[in-house]
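Trainee: Only the shape, not the letters, is given here:
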């Protein structure tokens, strides 16, 4: 499934203290694990959450402009 292989990275301007403090703890956990290499599946396994839950968090972060989609593992 392509969704579980999607990869995101953090937008550097989103790493300010003000931005991070405006995120929920659950969002910050996912945000902190985005390195441009980990897939949604990797993150879900690391934090013991479901892939749909992590995907929902990423959609929220993407809409806020805090992360960008960089592709899918194996699609590069």
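Mentor: Yep, that arrived. Every value quoted in this text rests on a predicted model; they were computed, and no experiment measured them.

Trainee: Tell me how far the longest helix along the chain lies from the chain's centre.
Mentor: Using DSSP state H to define each element, the chain has its longest helix at helix 51-64. Its chain's average C-alpha position is 7 Å from that of helix 51-64, according to CA atoms, centre = their mean, to the nearest Å.

Trainee: Tell me the helix or strand right after it.
Mentor: Counting by DSSP states H and E, the element after helix 51-64 in chain order, helix or strand, is strand 67-72.

Trainee: ends of stretch 58-72, how far apart?
Mentor: Start and end residues of stretch 58-72 are separated by 14 Å (CA to CA, to the nearest Å).

Trainee: Return the mean pLDDT over that stretch, rounded to an integer.
Mentor: Throughout stretch 58-72, pLDDT has a mean value of 92.

Trainee: now do stretch 36-44
Mentor: For stretch 36-44, the mean pLDDT works out to 94.

Trainee: tell me which residues of it are tucked away?
Mentor: Going by neighbour count (16 or more other CB atoms under 10 Å), the buried part of stretch 36-44 is 38-44. To be clear about C-beta, it is placed using only N, CA and C from the backbone, and glycine gets the same treatment.

Trainee: Quick one: distance of that stretch to the chain centre.
Mentor: 8 Å.

Trainee: which residues touch it?
Mentor: With CB atoms under 8 Å, 6 or more residues apart in numbering as the contact definition, stretch 36-44 has outside contacts at 3-9, 30, 33-34, 46, 49-51, 53-55, 58, 70, 72-73.

Trainee: let's go with 10 Å and repeat that
Mentor: Under the contact criterion CB atoms under 10 Å, 6 or more residues apart in numbering, stretch 36-44 has outside partners 1, 3-10, 29-30, 32-35, 45-46, 49-55, 57-58, 67-68, 70-74.
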